[in-house]
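>>> need a 3D model of the following:
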Amino acid sequence: MNAIQIAVVGIGNCASSLIQGLAHYSNGGANEAIGLSRWDLAGYRPKDIKVVAAWDVDRRKVGKDVAEAIFAKPNCTAVFCDHVPTSGVKVRMGAVLDGVSDHMTEFAEDRGFRISDAKEPTLDEVVEVLKASGADVLMNYLPVGSQKATEFYAEAALRAKVAFVNNIPVFIASNPEWARRFLEAGVPLIGDDIKAQLGATIVHRVLTDLFAQRGVRLDRTYQLNTGGNTDFLNMLNKGRLASKKESKTEAVQSVAERRLEDDNIHVGPSDYVAWQNDNKVCFLRMEGQLFGGVPMNIELRLSVEDSPNSAGVAIDLIRCAKLAKDRGVGGVIHAPASSFCKHPPIQVPDSAAYAALNDFISGENRDGSVTRH
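Alright, predicted model coming up:
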């Protein structure tokens, strides 16, 4: 099989974990495969993924080799791979647009952004880099709320005929117009908003589905999250949170036996706690009624290193995007979107999404279609 060549927008904590992971599973980690749902996905293994282009806007990262930039401040995720080999790929200056909230530049050097004074690229220049690099897949890791910036890179991927994986809660795959354009261009599109390996959303969904299957009426629930990385710092600007809250809330509502009234469900980021760094803590409560209307409740505390928690899923997303491209399939690839994303165009129970994903990977379902339930 050929290598999968990827371009990455946003060299933050999530990109750091992904790139560390690619190095880890190409070296010593290749003997264990711990943390991967699939070592081999239709012939593609983690070591087949290579970074060929990258963009960021922070002056501490622009101009540096990707292998160095992933450890630059304000990144604060766990370092689990001691040796990430030099890639030969320099981080290019990206388009700022709405990618950096104003308040992010006001925090201390090791926390906030420091925008580079390098010249921002035009759309045509990004398209040219994507074409010249031979990129197969463009991974979007921009901050939450980056609507214009995400659309800028989605447009670049579309014009360059590069598959686009949208890891953030700006709606591209779940926007009918963008989905139509990618379909007509024959370019794979997967999104929106990556679902972590074992994070707050997937745990909340599984428990909500369990309530429905066991005949327990869910009356009200909340999911409160705290963290100290740049994602949580960025989300102190509440104006950037609308799509994030919609994405996380709908992920839970879509598997509930009945939709809860707005006053009875709260799902979303709650606060920034600097000393937590990349550790995310979720406080989850669910209240319901058992047989005879007898009340019950569940309280759960989940603590995870946020960025590594999504990196293995990202590796699967990359391989699924490449698989679709190999098959000449364009538009939204629904099976991986429904399985790996919080806000896919088609929401189905996780068991149904998993079955559709396996059929897509095996080739039984070549275009990755999903049936609404």
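
>>> use CA for all of it now, contacts and neighbours both
Fine.

>>> all helices of the stretch 201-350 of the chain, in order?
Shown for the stretch 201-350 of the chain, the helices assigned by DSSP state H, counting those that start in this stretch span residues 230-234, 242-253, 308-326, 334-340, 350-362.

>>> these: which one's closest to F211?
Checking the helices of the stretch 201-350 of the chain against F211 by Cα to Cα gives helix 242-253 as the closest, at 11.8 Å.

>>> which residues belonging to the closest one are considered buried?
For helix 242-253, a neighbour-count test (16 or more other Cα atoms under 10 Å) marks 243-245, 247-253 as buried.

>>> from T230, how far off is G268?
16 Å (Cα to Cα, to the nearest Å).

>>> any low-confidence regions in the protein?
1, 28-33, 373 (pLDDT under 70).

>>> which one in it is furthest away from the centre?
When distances to the mean C-alpha position of the chain are computed (Cα atoms, centre = their mean), the maximum falls on G292, with 41.4 Å.

>>> number of nearby residues for the nearest residue to D124 once chain neighbours are set aside?
Spatial nearest neighbour of D124, chain neighbours left out: A156 (7.6 Å); criterion: Cα to Cα, 6 or more residues apart in numbering. A total of 24 residues lie near A156 under the criterion other Cα atoms under 10 Å.

>>> for A156, give me its contacts.
123-124, 126-127 (Cα atoms under 8 Å, 6 or more residues apart in numbering).

>>> if you set the cut-off to 7 Å instead, what comes out?
123, 126-127 (Cα atoms under 7 Å, 6 or more residues apart in numbering).

>>> and if you look at G112?
74, 104-106.

>>> any idea which element it lies in?
Secondary structure from DSSP states H and E places G112 outside every helix and strand.

>>> how close does it sit to A118?
In terms of Cα to Cα, G112 sits 18 Å off from A118.

>>> quick revisit: determine which of the helices of the stretch 201-350 of the chain approaches A185 most closely.
helix 308-326 (11.9 Å).

>>> who are the packing partners of that closest one?
helix 13-24, strand 137-140, strand 188-190, helix 334-340 (3 or more Cα pairs under 7 Å, 6 or more residues apart in numbering; DSSP states H and E).

>>> out of these, which is the most enclosed?
strand 188-190 (a mean of 32; mean count of other Cα atoms under 10 Å).

>>> partner strands of it, with direction?
With DSSP bridges as the test, strand 188-190 is paired with strand 163-166 (parallel), strand 331-332 (parallel).

>>> quick one: stretch 68-82 to chain centroid distance?
Relative to its parent chain, stretch 68-82 has a centroid offset of 18 Å by Cα atoms, centre = their mean, to the nearest Å.

>>> cool, stretch 279-290 as well?
22 Å.

>>> those strands in this protein, which residues are they?
Using DSSP state E, the strands of the chain run over 4-9, 49-56, 92-93, 137-140, 163-166, 188-190, 217-227, 265-272, 279-289, 295-305, 331-332.

>>> and for S351, the neighbour number?
11.

>>> gap between it and V255?
For S351, the distance to V255 - Cα to Cα - is 11 Å.

>>> same question for Q347.
8 Å.

>>> with I168 instead?
21 Å.

>>> and S37, by the same measure?
For S37, the distance to V255 - Cα to Cα - is 23 Å.

>>> and the two? which has more neighbours close in?
Using other Cα under 10 Å as the criterion, S37 and V255 rank with V255 on top: 22 against 13.

>>> number of nearby residues for the closest residue to that one other than its chain neighbours?
Of all residues not flanking V255 in the chain, D209 sits nearest, at 5.5 Å (Cα to Cα, 6+ apart). A count of nearby residues for D209, using other Cα under 10 Å, gives 20.

>>> quick check, D209 in contact with A256.
Yes. Using Cα atoms under 7 Å, D209 is in contact with A256, at 6.0 Å.

>>> returning to that earlier point: name the member of the contacts of G112 with the most neighbours.
P74 (22 neighbours).

>>> that older thread, mind checking which of the contacts of A156 land in helices?
123, 126-127 (DSSP state H).

>>> can you say which of those are buried?
By 16+ other Cα under 10 Å, the ones in helices among the contacts of A156 give 126-127 as buried.

>>> in CSV: the ones in helices among the contacts of A156, plus distance to G145.
Shown next, in CSV, are those (distance: Cα to Cα, whole Å):
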residue, distance to G145
L123, 20
V126, 21
V127, 23
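
>>> among the ones in helices among the contacts of A156, pick out the one closest to Q276, please.
V126 (35.2 Å).

>>> apart from its neighbours in sequence, what residue is nearest that closest one?
A156 (6.4 Å).

>>> correct me, but K148 touches A95?
No. The pair K148 / A95 is not scored as a contact, 9.8 Å apart, by Cα under 7 Å.

>>> who has more neighbours, those two?
Neighbour tally, K148 and A95, criterion other Cα under 10 Å: the higher count belongs to A95, 22 against 15.

>>> right, I'll call it a day here.
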